[in-house]
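Peer 1: Predicted model and sequence follow; I will ask about them next.
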2 protein chains.
Amino acid sequence: MIQNLIRKIQETKAPICVGLDPMINYIPDALLRRSYREFGENLEGVADAVWNFNKEIIDHTYDLVPAYKPQIAMYEQFGIEGLKVYEKTVRYCQEKDRIVIGDAKRGDIGSTSAAYATAHLGRLKVRGRTYKAFHTEFVTVNPYLGTDGVKPFVDVCKAEDAGIFVLVKTSNPSSGEFQDRLIDGRPLYEEVARKVVEWGSDCKDGRYSNVGAVVGATYPEIFVTMRKLMPDTYFLVPGYGAQGGTAKDLKACFNEDGLGAVVNSSRGIIAAYRQEKYERFGAEHFAEASRQAVIDMAADINSVL
Amino acid sequence: MIQNLIRKIQETKAPICVGLDPMINYIPDALLRRSYREFGENLEGVADAVWNFNKEIIDHTYDLVPAYKPQIAMYEQFGIEGLKVYEKTVRYCQEKDRIVIGDAKRGDIGSTSAAYATAHLGRLKVRGRTYKAFHTEFVTVNPYLGTDGVKPFVDVCKAEDAGIFVLVKTSNPSSGEFQDRLIDGRPLYEEVARKVVEWGSDCKDGRYSNVGAVVGATYPEIFVTMRKLMPDTYFLVPGYGAQGGTAKDLKACFNEDGLGAVVNSSRGIIAAYRQEKYERFGAEHFAEASRQAVIDMAADINSVL
């Protein structure tokens, strides 16, 4: 699966993905009003507005980017109606032949992780027939429970040619609280990085493994070590733009072949029209603002590669 | 909220909760066949069978237990149809005036954790009106991202009088891989325990905090330390029974007041009819077997208190 992502990165010349993390206040009023008129001022109405918002952004950007990363929490907060839109958004990206990274950060004890792996990457067997639940190409995984919490995801990656990105060092301000603590003189995230390599070692697809790592753009000082510890691991890099990560910082995330990382931006793309830089588009042309923000982001990152 | 749980524990004299983690192979064939006839051999059919299975177990046990703990992964694997049954199961337990601990192990960066907290404990505002998504009394939370990943849950606990149980030491075989690693001579799970106390310190409801801790029954050697580090923290203790934890071991999880812990059993209760001990009930009386298993478990644990 990682080769599919790489191929699309090379085709689009954009090692980036668009985070589809719609907050209600990102959605232009006109869109909200339209959905409220049709479905009422309720969870169904909001969910419909989120869907229309996503669809327009995808329509305006899919020829430019290899992948989308919907954050499932932003849909889960609207309950069943929200998760239907998550599913619809995933399918729509796939219809456009884009890769979907489900940002779910799941992880549990063995049998439970197996259920999550089925939900997000696999298939469920019901009397001989198989069914897919949310089915994305990749999903993000939390490593706190150790190998038996991650292994069921890796098993499904092998069976289904899917992929995961395991949280190694996250982009948030307090990520260091546990992740940076020293164990035998080395930070915990390095221990996790070593495990990511181990988990991914028999799950290769070309040079790179289908078991990738999440490494936050907000901590550039660790990129060189991360790259050295995980030379054949693909990085999913959140935190560019709105969270503070810059292209110059990101150079060290990539290998000498220009591959090895896919940089995510959510707010910076989907809510671009609210930035001064793109306000000329206006709320009604929010998706065109997103398109321009994607073009600018790809150029910014390519400038350092 | 923790006082509501305590009150129900005292009323039922049972410091236990029933894990509603239905695997397809736990569900008696007759139940599956009935649902398949009505809805087809598909995700809707399976989900309906899960619902009927849960309902019968709840009907046969709700007068005996204070709480249920549905594991959301087991529903998520069936997609939207499964999550509808999760929601229905939660509501049904609440109609029976029972406490629901949503076992979701969510956790992310700040704004995303806020969305999860809304989804599982809070309410969403849509133009003045508020709506609930999955809304359980408690939810389990993964601490790997640190304070800003947990704080949004604590904020909702305060606003809504809800509660969380933060993963400190999980019950699975490889939980020690990261959780036991020494930081300044102390295992990581002790660092997390200290943080749980800090996060819960201004979220008290009587003696105990609404911010609880998950401490696995499979590592009894750490209970004394855990109790000492977190004297006013309620423990959610998975791993009793099927995973190997015994009542004798569990004594140290409780305070001198007989409170401080709620012990979960999933498979051991809901699939009791498949054990030799309860096979006399037969598959058609699976819920009566569950009832007997609850009675036996409560007696077992009370025998050491």
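Peer 2: Sure, I can see it. Just so we're clear, the structure is a prediction, and the values are computed from it rather than from any experiment. Numbering: from 1, shown residues only, chains lettered A, B, ... in the order given.

Peer 1: For the helix or strand encompassing A:Glu190, which outside residues touch it?
Peer 2: Following DSSP states H and E, one finds A:Glu190 within helix A:188-200. Helix A:188-200 has contacts (CB atoms under 8 Å, 6 or more residues apart in numbering or on different chains) with A:143, A:147, A:150-151, A:154, A:166-169, A:178-183, A:209-213, A:222, A:225-226, A:229-230, A:232-233, B:177-178, B:181, B:183, B:188. Glycine gets a C-beta too; all of them are placed from N, C-alpha and C.

Peer 1: What about those, which are in strands?
Peer 2: A:166-169, A:182-183, A:209, A:211-213, B:183 (DSSP state E).

Peer 1: Give me the buried subset of those residues.
Peer 2: A:166-169, A:183, A:209, A:211-213, B:183 (16 or more other CB atoms under 10 Å in any protein chain shown).

Peer 1: Greatest separation within those residues: which pair is it?
Peer 2: For those, the farthest-apart pair by CB to CB is A:Ser209 and B:Ile183; their separation is 28.4 Å.

Peer 1: which residue ranges form the strands in chain A?
Peer 2: Under DSSP E, chain A gives strands at A:16-20, A:67-70, A:99-106, A:124-126, A:129-131, A:138-141, A:163-169, A:182-183, A:186-187, A:204-205, A:208-209, A:211-215, A:235-237, A:261-265.

Peer 1: tell me the angle the third one makes with strand A:211-215.
Peer 2: So the one you mean is strand A:99-106. 70 degrees (axes from the mean of the first three to the mean of the last three CA atoms, to 10 degrees).

Peer 1: Now do strand A:99-106: which elements does it pack against?
Peer 2: Applying 3 or more CB pairs under 8 Å, 6 or more residues apart in numbering or on different chains; DSSP states H and E, one finds that strand A:99-106 contacts helix A:2-12, strand A:16-20, strand A:67-70, helix A:79-95, helix A:110-120, strand A:138-141.

Peer 1: and the last one, which strands flank it?
Peer 2: Note on strand A:138-141: by DSSP bridges, its sheet partners are strand A:99-106 (parallel), strand A:163-169 (parallel).

Peer 1: Dump those to TSV, plus mean pLDDT.
Peer 2: Output for the strands paired with strand A:138-141, formatted as TSV (pLDDT from 0 to 100):
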stretch	mean pLDDT
strand A:99-106	98
strand A:163-169	98
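
Peer 1: so of the ones you listed, which one's packed in deepest?
Peer 2: Highest mean neighbour count among the strands paired with strand A:138-141 (mean count of other CB atoms under 10 Å in any protein chain shown): strand A:163-169, with a mean of 27.

Peer 1: so how far is that strand off the chain centroid?
Peer 2: Its chain's C-alpha centre and that of strand A:163-169 lie 10 Å apart, by CA atoms, centre = their mean, to the nearest Å.

Peer 1: Pull that strand out as PDB, backbone CA atoms only.
Peer 2: Extracted C-alpha coordinates of strand A:163-169, given in PDB (Å, rounded to 0.1, in the frame of the first residue of the first chain):
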ATOM      1  CA  GLY A 163      -1.000   0.500   6.100                       C
ATOM      2  CA  ILE A 164      -0.800   2.200   9.500                       C
ATOM      3  CA  PHE A 165       1.000   5.200  11.000                       C
ATOM      4  CA  VAL A 166       1.900   4.600  14.600                       C
ATOM      5  CA  LEU A 167       2.100   7.600  16.900                       C
ATOM      6  CA  VAL A 168       5.800   8.100  17.800                       C
ATOM      7  CA  LYS A 169       6.100  11.800  18.600                       C
END
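
Peer 1: Could you list the low-pLDDT ranges of chain A?
Peer 2: Judged against pLDDT under 70, chain A has no low-scoring part.

Peer 1: hmm, try it at 80
Peer 2: Low-confidence segments of chain A, defined by pLDDT under 80: A:242-245.

Peer 1: Going along the chain, name the helices of the stretch 201-305 of chain A.
Peer 2: Secondary structure of the stretch 201-305 of chain A, counting by DSSP state H, counting those that start in this stretch: helices at A:223-229, A:247-250, A:267-270, A:286-302.

Peer 1: out of these, nearest to B:Lys8?
Peer 2: Closest among the helices of the stretch 201-305 of chain A, using CB to CB: helix A:267-270, at 42.3 Å.

Peer 1: Can you show me the CA trace of the closest one as CSV?
Peer 2: The C-alpha trace of helix A:267-270 is given here as CSV (Å, rounded to 0.1, in the frame of the first residue of the first chain):
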residue,chain,number,x,y,z
ARG,A,267,-7.0,24.0,9.2
GLY,A,268,-4.4,25.7,6.9
ILE,A,269,-6.1,24.2,3.8
ILE,A,270,-9.8,23.6,4.6
